[in-house]
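Participant: Below are the sequence and a predicted model for it; my questions follow.
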There are 2 protein chains.
Amino acid sequence: MVTITDVAQAAGVAPSTVSYVLSGKRSISPKTRRLVEESIRRLGYHPHAGARALASSRTNVIALVTPLRSDLNVAVMMEFVASVAKAAREHDYDILLLTKDEGPAALQRVSSSALADALIVMDIEADDPRVPMLLALNRPAVLIGAPDSTTGLTCVDLDFSAAAAGCVRRLADLGHRSIALIGQPPGVYRRGTGYARRFMRGFTETAAEFGIRAVSRPCPASYEASSRCLNELFAADPGITGLVVHNEAVLPAVLANLRQSGRSVPADISLIAVCPDSMATTQPVPLTTVTLPAEDVGALAVEMTVRQLTGPTTPQTRLLAPRLVTRKSTAVAAQPESEEET
Amino acid sequence: MVTITDVAQAAGVAPSTVSYVLSGKRSISPKTRRLVEESIRRLGYHPHAGARALASSRTNVIALVTPLRSDLNVAVMMEFVASVAKAAREHDYDILLLTKDEGPAALQRVSSSALADALIVMDIEADDPRVPMLLALNRPAVLIGAPDSTTGLTCVDLDFSAAAAGCVRRLADLGHRSIALIGQPPGVYRRGTGYARRFMRGFTETAAEFGIRAVSRPCPASYEASSRCLNELFAADPGITGLVVHNEAVLPAVLANLRQSGRSVPADISLIAVCPDSMATTQPVPLTTVTLPAEDVGALAVEMTVRQLTGPTTPQTRLLAPRLVTRKSTAVAAQPESEEET
DNA sequence: TTGAAAGCGATACCAC
DNA sequence: GTGGTATCGCTTTCAA
């Protein structure tokens, strides 16, 4: 193994000098710098992470806590994880992967054993057991998502409320007066996962503002459930012409159902999906979607983490704007028979 | 911060004794053990990972290299990652997450800086640039997947060849004499990703053994591409009654296409999909699938890693058997008119 | 601008 | 069965 001493000897300087060249914490003569850097490269020196952590109390590792088994939104989840991983590397941090099932104790363990300098925690529930632990740990932390009470917490999230509002506004602008939302599986709301609730609330409220009828329903991830859900929605309001689907898994099922029941998209029903772009283009009709800027969220989460690591910061919650991408599943509402044309 | 010395003092023993209680590397009197364990719990002691790594040259971390951005098989990928993470924790290891884009240099970095004791590398290509690096590093490593040459490597993978054979056999048993395969996107084959090739080869070869006609085609992940692909397959052999889809992304698209072209599943076409169970049940017809035992693969990869860490082992490649789950998308082939009934 | 040396918190060897 | 202590490789203070 190549140590700092080896490098120092090769360069004819003291180990401390090598350390300073690496850290940039004091000025080094150009000549010495050259010498040291040369030796580092020649010997293929990489500082020993453990030794460094021990001496400096910093690991350059961020723990990422993510719900790996959640069937919901696997693709979206993955995008978050990927963007966090990428952003972390850009700041010279590595990612230690913890799963949500490990619970609050895992946070404790990682923090106390100095495995990571900071934590990024995903899939936050309304009353998440990991939150009090996080607060107690007193380590830099960023939540992706937000619990009911965000006091003392730094949170980043998509503005799901705005996403829902955007969907409703678009449908309203197209002349739809009766719209429906197919939501996430019931369990997601039951657990109080923030984004699902916020989306549904935003949907209902914005519809109210626009004075249009809106019904919504959670929907389990199976074909039958989605048929049932769709039927219930149309039973509740037969005049529905606009549909928002906030449930990736049943997206193909919903489209198949609509077709089978003789409703064509977008002629009869305008549909907006909340999903990654990749899913939008593998459906029979390219879907108008609200895209969740996972890339930005990940980058921002890392940035806020690094900022906390660099100096004191004040807790804040930042909500990112969603993007509405228009494709071919939305159209102007058919003229209702009751209204007369001028 | 609570150190081993604090615990030792609280328990009235030497630090080394605490260390031995923890590691079990020498016998401890029941009384001392109680005393020490008590103090550990009371003080909430967790050994400092860096200090431990420095003194013992072991980190209890496994680096997992995974292609986070690959659009293909996100769900399946995630299952692998999840199962590796879970299995690792069961062996008291943590996971350091590296992405494939970081390339071979990342392996080098992680190994040289002693961030991890071993590596698990996913999504291996025929001539993967990470493989020579892995060989050079001389660290315990397990590949999930396999390159062309596996000399000196420990690999775990699904037996995609057997998976394909299983599909063909099933279709043949049901009386289908003309079958087709919709494969992964062309890029996957071009990169020489082992599993895709092995599946396609297995498909063709087994069909030949059974003396039935088989055509296959890669398929890009878009609706249009999948229509085109389907058309081309039927153009190549209008008599196709059995279809294997080894491409999650276009699965809904293929089903929609079949329906639109008036072919019903399973009456006219028997379909077997290679995908996670969750996708099988959100389609209009519950799909007969070949399920990839991701859970087992992850567990086995970790186990083989840990074994290497524990003692000397001989390189070996292990292929796991796929599971064929019968649902409702497969049926006995319609009696061809040309053959007469007895 | 650089060097010497004291820790950081464990492990594991050597004594007893 | 237990204790003392050198050691791991690096950072950072103190001195020059």
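Facilitator: Good, I have the coordinates. Numbering: from 1, shown residues only, chains lettered A, B, ... in the order given.
Participant: What mean pLDDT does stretch A:266-278 get?
Facilitator: Regarding stretch A:266-278, the rounded mean pLDDT is 94.
Participant: which ones are touching the residue lying closest to A:Ser270 once chain neighbours are set aside?
Facilitator: Excluding its sequence neighbours, the residue lying closest to A:Ser270 (CB to CB, 6 or more residues apart in numbering or on different chains) is A:Thr330, at 4.2 Å. Every residue, glycine included, has its C-beta placed from N, CA and C. Each residue near A:Thr330 by CB atoms under 8 Å, 6 or more residues apart in numbering or on different chains is listed here: A:170-171, A:174, A:266, A:270-272, A:288.
Participant: buried sites along stretch A:63-79?
Facilitator: By 16 or more other CB atoms under 10 Å in any protein chain shown, the buried positions in stretch A:63-79 come out as A:63-68, A:70-79.
Participant: Over to stretch A:204-213?
Facilitator: Buried residues in stretch A:204-213 (16+ other CB under 10 Å): A:204, A:206-207, A:210, A:212-213.
Participant: what's it in contact with?
Facilitator: Identification of contacts with stretch A:204-213 by CB under 8 Å, 6+ apart yields A:164-165, A:168-169, A:171-172, A:176-179, A:214, A:216, A:237, A:239.
Participant: mind running it again at 6 Å?
Facilitator: Applying CB atoms under 6 Å, 6 or more residues apart in numbering or on different chains, the contact partners of stretch A:204-213 are A:165, A:168, A:172, A:177-178, A:214, A:237.
Participant: Return the member of the residues you listed nearest to B:Gly24.
Facilitator: A:Ala165 (58.8 Å; CB to CB).
Participant: so which strand or helix has that closest one?
Facilitator: Taking DSSP states H and E as the definition, one finds A:Ala165 inside helix A:160-173.
Participant: Got phi/psi on the residue in the stretch 101-250 of chain A positioned nearest to chain B?
Facilitator: In the stretch 101-250 of chain A, the residue found nearest to chain B is A:Ser112; the distance is 3.7 Å by CB to the nearest CB. Dihedral pair for A:Ser112: phi -70, psi -30, per degrees, to the nearest 10.
Participant: can you pull the buried residues of stretch A:24-35?
Facilitator: So stretch A:24-35, judged by 16+ other CB under 10 Å, has buried residues A:28, A:32-33, A:35.
Participant: what's the answer for stretch A:306-319, then?
Facilitator: Result for stretch A:306-319 [16+ other CB under 10 Å]: buried residues A:306, A:308-309, A:319.
Participant: Also stretch A:187-200?
Facilitator: Those would be A:188, A:193-200, for stretch A:187-200 by 16+ other CB under 10 Å.
Participant: Can you mark which positions in the lowest-mean-pLDDT helix or strand in chain A are buried?
Facilitator: Lowest by mean pLDDT, DSSP states H and E among the helices and strands of chain A is helix A:277-280, with a mean of 88. Using 16+ other CB under 10 Å as the test for burial, helix A:277-280 gives A:279-280.
Participant: same deal with stretch A:143-163?
Facilitator: Neighbour counts over stretch A:143-163 (16+ other CB under 10 Å) mark A:143-147, A:150, A:153-163 as buried.
Participant: Show me what it is in contact with.
Facilitator: By CB under 6 Å, 6+ apart, the residues outside stretch A:143-163 that reach it are A:121-122, A:124, A:126, A:128, A:131, A:135, A:142, A:194-195, A:198-199, A:202, A:290, A:292, A:297, A:300-301, A:304, A:315, A:317-322.
Participant: Break chain A into its domains for me.
Facilitator: Here the domain assignment for chain A is A:4-56, A:61-158+A:294-322, A:160-291+A:325-341, based on automatic domain parsing.
Participant: Let me know which of these is the nearest to B:Tyr93.
Facilitator: domain A:61-158+A:294-322 (11.1 Å).
Participant: Take the buried residues of stretch A:204-213 and lay them out in TSV including secondary structure, distance to DNA strand D and pLDDT.
Facilitator: Below are the buried residues of stretch A:204-213 laid out as TSV (DSSP: H, G, I helix; E, B strand; the rest coil; distance: CB to the nearest atom of the strand, whole Å; pLDDT from 0 to 100):
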residue	secondary structure	distance to DNA strand D	pLDDT
A:Thr204	helix	53	98
A:Thr206	helix	51	98
A:Ala207	helix	56	98
A:Phe210	helix	57	97
A:Ile212	coil	60	97
A:Arg213	strand	62	97
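Participant: Could you work out the most separated pair of the residues you listed?
Facilitator: A:Thr206 and A:Arg213, at 12.5 Å, using CB to CB across the buried residues of stretch A:204-213.
Participant: returning to that earlier point: ok now the next helix or strand after the least confident helix or strand of chain A, how far from the chain's centre?
Facilitator: Proceeding C-terminally, helix A:277-280 gives way to strand A:288-291 as the next helix or strand, assigned by DSSP H and E. Here strand A:288-291 shows a centroid-to-chain-centroid distance of 15 Å under the convention CA atoms, centre = their mean, to the nearest Å.
Participant: and if you look at stretch A:209-229?
Facilitator: On CA atoms, centre = their mean, the centre of stretch A:209-229 falls 23 Å from that of its chain.
Participant: now stretch A:267-279
Facilitator: Using CA atoms, centre = their mean, the offset of stretch A:267-279 from its chain centre is 20 Å.
Participant: From start to finish, how long is it in a straight line?
Facilitator: In stretch A:267-279, first residue to last residue: 21 Å (CA to CA, to the nearest Å).
Participant: just checking, A:Val265 touches A:Pro284?
Facilitator: No. Using CB atoms under 6 Å, A:Val265 makes no contact with A:Pro284, being 8.3 Å away.
Participant: mean confidence for stretch A:334-342?
Facilitator: Here the average pLDDT along stretch A:334-342 is 52.
Participant: For the residue of the stretch 201-342 of chain A found nearest chain B, list the residues it contacts.
Facilitator: Residue nearest to chain B within the stretch 201-342 of chain A: A:Pro252 (3.4 Å; CB to the nearest CB). By CB under 6 Å, 6+ apart, the residues touching A:Pro252 are B:Pro252.
Participant: Confirm that it sits in a helix.
Facilitator: Yes. Under DSSP: H, G, I helix; E, B strand; the rest coil, A:Pro252 sits within a helix.
Participant: any idea how far A:Arg323 is from the residue nearest to A:Ser270?
Facilitator: As judged by CB to CB, to the nearest Å, A:Thr330 and A:Arg323 stand 15 Å apart.
Participant: what about A:Arg169, neighbour count?
Facilitator: 16 (other CB atoms under 10 Å in any protein chain shown).
Participant: The one 4 residues further on too?
Facilitator: Neighbourhood size, A:Asp173 [other CB under 10 Å]: 12.
Participant: Look up how far DNA strand C lies from it.
Facilitator: 61 Å (CB to the nearest atom of the strand, to the nearest Å).
Participant: ok, that residue to A:Ala207 distance?
Facilitator: Using CB to CB, A:Asp173 is found at 13 Å from A:Ala207.
Participant: What sits closest to A:Ala221 if chain neighbours are left out?
Facilitator: Spatially, and ignoring its direct neighbours in sequence, A:Ala221 is nearest to A:Ala249 (4.0 Å; CB to CB, 6+ apart).
Participant: doesn't the one you found fall inside a strand?
Facilitator: No. Counting by three-state DSSP, one finds A:Ala249 to be helix, located in no strand.
Participant: which parts of chain A sit against DNA strand D?
Facilitator: A:1, A:3-5, A:15-16, A:19-20, A:22-23, A:25, A:45, A:47-48, A:51-52, A:54-56 (CB under 7 Å from any atom of the strand).
Participant: What subset of those residues is buried?
Facilitator: A:4, A:19-20, A:22, A:45, A:47-48, A:51-52, A:54.
Participant: will you turn those residues into CSV that also has secondary structure, pLDDT and distance to A:Ala225?
Facilitator: Output for these, formatted as CSV (DSSP: H, G, I helix; E, B strand; the rest coil; pLDDT from 0 to 100; distance: CB to CB, whole Å):
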residue, secondary structure, pLDDT, distance to A:Ala225
A:Ile4, helix, 98, 61
A:Ser19, helix, 98, 60
A:Tyr20, helix, 98, 63
A:Leu22, helix, 98, 57
A:Tyr45, coil, 98, 58
A:Pro47, coil, 98, 54
A:His48, coil, 98, 54
A:Ala51, helix, 98, 55
A:Arg52, helix, 98, 52
A:Leu54, helix, 98, 53
